[in-house]
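*Asks:* fold the stuff below for me.
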Amino acid sequence: MRNGRALNHNLSFSKALLCTSRSYGSKGEGIKAKLEKVIPQQRDYFLGIKCLHGTTNIGTIPVNSVMGGMRGLPLLICLTSSLHPTKGIFYRGMPIKEVCAKLPRVKKGSSEGTPEGAFYFLTTGCMPTKEEAQDVTNEWNKRGKVPPFCLKMLDALDKKIHPMAQLSAASACLNMNSKFVEAYTKGAKRADYWKYIYEDSMNLIAMLPTVAAIIYTNVFKGGKGCRELNKDQDWSGNYSTMLGLPDDDFIDLMRLYMVIHADHESGNVSAHASHLVGSALADPFLCFSASMCGLAGPLHGLANQEVLVWLTKLRKAIGDDPSDDEIKKFIDDTLKGGQVVPGYGHAVLRDTDPRFTVQNEFAMKHCKDDPGVKLVTRLWKIVPEVLKKLGKVANPFPNVDAHSGVLLQHYCLMEMNYYTVLFGVSRALGVLAQLIWSRALGYPIERPKSISASDLCAFIRKADEGKDKKKKC
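*Replies:* Below is the predicted model of the structure:
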């Protein structure tokens, strides 16, 4: 039965699959030893179910969806953003490329709209004026002072603790000052919850650049760096300056980065984690902390690191200016080695990620001669050609992570372990806008139904019996 190849489709379901109640191992075995015997057989058992009965419906839901991470099931409402396989990513119904073009440029000479404007747009559904976006900047500068207890905690953390773990811990500890918790404890009306969620969200977003910059300087720069917000700077300007990277072009890159990474529907891991925890009426600080735990996973926010690692291997093997044939061979070798080409493919999109496109446009304006940028641009043409020939890849096109790392490195932000923190600071804009609306609309606590393996078998048997009756009729 290994990998389902020996499953006999003519056998009855009960004989084709291993019995879950079977006892494995001898008495007195430890947990790990017993699991080493049980797990391979149970893997085959569940793989057999998927192979034989993946398209069988439990009600209206296919077994493949029940066992496959609920991918593609329409189970959530998200007002702020949406994804279309071929049309791309939309903020409030507007294509993200158009959003980037229409956001007001608050700073003179800036080529990019601000995250402040994006948050206004995501939250209200209205494109802000320059003055309205500036009002958000002013609010965040007023609210952005990080409490001493949080600063003390960050400085006390071991520098070996991953930056994402530090970001999650810092957000969680900030809930001590939650306006929502205070109001809920005093008996606030349910219809007013969103007002306190809004206050907490604004305060958290305002403090994130300082928190994130302190994590960076503590871990990578020996704790040396600015910790005070400049009232004359916008959100991205303050963040960049506190990172020690005050270059105007880098600040513009941060504005673009923060806008395009902000929101991605509510079904991705970081957004869904925030939504799930928030449905229990946890405050925004705890919700964002949970969101960052999800973002830290290698299948979510760490992807741009994997892209850079792969690009480094490529450049080391065949140089900065390889031929197309050399690149194709390196890609083939990667695939033959059982690995994927990182930065290509997407769970929903079936065309080039528009976030990749706007980053490439930025690169062409500011750093088109950078070797990494030139290589990424060439790969955009070559990789899809190779992947298409396999005939098994749903989306052979680049996603946002295929480009972001080389841009960050161009501006000398070299510490890859920190990149997901940048993603996290941006993602706050989307998940907190979603959280405000979740409480405004009174969404209930999230509680999907899970079933046991025996329940699953019973559903499948019943479905099979129904098919047999229809055939007889």
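*Asks:* for Ser450, phi and psi?
*Replies:* phi -110, psi 150 (degrees, to the nearest 10).
*Asks:* and for it, the neighbour number?
*Replies:* For Ser450, the neighbour count with other CB atoms under 10 Å is 7. Every C-beta, even on glycine, is put in place using the N, C-alpha and C of the backbone.
*Asks:* pLDDT wise, what is it at?
*Replies:* The model reports Ser450 with a pLDDT of 89.
*Asks:* show me what the mean pLDDT comes to for stretch 373-382.
*Replies:* Per-residue scores along stretch 373-382 average to 96.
*Asks:* same question but for stretch 358-367, I mixed them up
*Replies:* 97.
*Asks:* distance from it to the middle of the chain?
*Replies:* With CA atoms, centre = their mean, to the nearest Å as the basis, stretch 358-367 stands 23 Å off its chain's centre.
*Asks:* let's have the chain start at 5 instead
*Replies:* Sounds good: first residue 5 from here, last item stretch 362-371.
*Asks:* buried stuff in that stretch?
*Replies:* Val362, Gln363, Asn364, Phe366, Ala367, His370, Cys371 (16 or more other CB atoms under 10 Å).
*Asks:* stretch 218-231 now?
*Replies:* Within stretch 218-231, the residues scored as buried using 16+ other CB under 10 Å are Ile218, Ile219, Tyr220, Thr221, Asn222, Val223, Phe224, Gly229, Cys230.
*Asks:* in helices, which of the buried residues of stretch 362-371 appear?
*Replies:* Among the buried residues of stretch 362-371, DSSP state H puts Val362, Gln363, Asn364, Phe366, Ala367, His370 in helices.
*Asks:* of those residues, closest to Tyr124?
*Replies:* Of all those, Tyr124 sits closest to Val362, with 19.4 Å by CB to CB.
*Asks:* ok, the closest one - contacts?
*Replies:* Ile100, Lys101, Cys104, Leu260, Ile264 (CB atoms under 8 Å, 6 or more residues apart in numbering).
*Asks:* closest to Ala187 out of the buried residues of stretch 218-231?
*Replies:* In terms of CB to CB, no member of the buried residues of stretch 218-231 lies closer to Ala187 than Ile218, at 28.7 Å.
*Asks:* now do the strands in this structure.
*Replies:* Secondary structure of the chain (DSSP state E): strands at 61-62, 65-66, 85-88, 92-95, 98-99.
*Asks:* right, so of the ones you listed, which gets closest to Cys55?
*Replies:* Of all those, strand 65-66 comes closest under CB to CB, at 13.5 Å.
*Asks:* where is the longest helix in the chain?
*Replies:* Max-length helix for the chain by DSSP H is helix 197-224.
*Asks:* from the contact counts, what lies against that helix?
*Replies:* In terms of contacts (3 or more CB pairs under 8 Å, 6 or more residues apart in numbering; DSSP states H and E), helix 197-224 is packed against helix 134-147, helix 152-160, helix 167-177, helix 183-189, helix 239-246, helix 288-299, helix 423-444.
*Asks:* count of residues packed around Lys156?
*Replies:* Neighbours of Lys156 (other CB under 10 Å): 10.
*Asks:* ok, now how distant is it from Ala174?
*Replies:* Separation of Lys156 from Ala174 (CB to CB, to the nearest Å) stands at 11 Å.
*Asks:* for Tyr261, which residues are in contact?
*Replies:* Ser408, Leu411, Leu426, Ser430.
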